[in-house]
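In: The amino acid sequence is not available; the structure is as follows:
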């Protein structure tokens, strides 16, 4: 599937119902213009005791490697800074936002020509792919 990986802070895998820093789980989907698929569920242990603790952020952010965005109810300033540095766009939505509806919105944007952070994520991914092939070509081919 040619799409983007999107994470949703969710305990029920159907609605966004978690603050980023206190998230107990992320549902990660591969989203393309015509289809989407749940590819991973990441769960965290004992998040209540870490509330307000910035030391929990690096592990959560590392879990989102390869994701273009994370949808959540709220996200603190420190987390926003770290997410953006990791190339993950935080997206704040209302509590109970339906993941299927959010995915449908993303698919419509992908089909009609993405803008904003989604376009940037797609350009960034294409640049990485192109750079990989350029590096392979520069290495040459010897038998």
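Out: The structure has been received and is ready for your questions. Note that the structure is a prediction, hence the values are computed from the model and not measured.
In: Against residue 99, how distant is residue 31?
Out: Separation of residue 31 from residue 99 (C-beta to C-beta, to the nearest Å) stands at 10 Å. For the C-beta atoms, the positions are set from N, CA and C on the backbone; glycine is no exception.
In: which residue ranges form the helices in this protein?
Out: 57-63, 77-85, 99-112, 116-139 (DSSP state H).
In: do you know which of those lies nearest residue 27?
Out: Ranking the helices of the chain by proximity to residue 27 (C-beta to C-beta) places helix 99-112 first, at 6.7 Å.
In: pLDDT averaged over that closest one, what's the number?
Out: Mean per-residue pLDDT for helix 99-112: 95.
In: Just tell me which of the helices of the chain ends up closest to residue 37.
Out: Nearest of the helices of the chain (C-beta to C-beta): helix 99-112, 10.0 Å.
In: packing partners for the closest one?
Out: strand 3-9, strand 15-16, strand 25-32, helix 116-139 (3 or more C-beta pairs under 8 Å, 6 or more residues apart in numbering; DSSP states H and E).
In: what's the neighbour count on residue 112?
Out: 9 (other C-beta atoms under 10 Å).
In: The helices and strands packed on helix 99-112: lowest mean pLDDT?
Out: Among the helices and strands packed on helix 99-112, helix 116-139 scores lowest, at a mean of 67.
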